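In: need a structure here:
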Amino acid sequence: MDFEEFVTEAREVLTVRRVFGEPFEKNGMTVIPVARVRGGAGGGGGEGPDGTGKGSGSGMALSAGPVGVYVIHGDELRWQPALDLNRAIAGGQLVVIVALLTIRAVVRARSKRKVPS
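Out: Have a look, this model is predicted:
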């Protein structure tokens, strides 16, 4: 596969269809799923100094995750964000770690201020 073909295929992968899922209806409501899609691609090639030997390479990375859904009910449009439980747990762990380090620093500072009688 040459670089031009690779770029064409990468463009086909990173389309709006990857972001907005197929709408579906349930109980008189239309639901349109939405995802965050990120990607990158690169490639290169070359020849030896005497024109001997050729080489080329290319690569691509793609990351996708749910963001939420648009809900259409009659004439009303509503956004429902998705809860990323892993991100929420990681954020909670970070808050606990910072709180523990702060408490430790306060306890150490108070213990150093105590002067023996």
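In: Might you list the low-confidence residue ranges for this structure?
Out: In the prediction, the chain carries residues with pLDDT under 70 at positions 1-3, 14-18, 114-117.
In: Give me the domain ranges for it.
Out: 3-82, 83-117 (automatic domain parsing).
In: for this protein, longest helix please?
Out: Longest helix of the chain, by residue count under DSSP state H: helix 85-113.
In: Export the domains of the chain as JSON lines, with columns for mean neighbour count.
Out: (C-beta placed from N, C-alpha, C; glycine too.) JSON lines is the format used below for these (neighbours: other Cβ atoms under 10 Å):
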{"stretch": "domain 3-82", "mean neighbour count": "12"}
{"stretch": "domain 83-117", "mean neighbour count": "9"}
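In: any idea whether Ala10 is helix, strand or coil?
Out: Secondary structure assignment for Ala10 (DSSP: H, G, I helix; E, B strand; the rest coil): helix.
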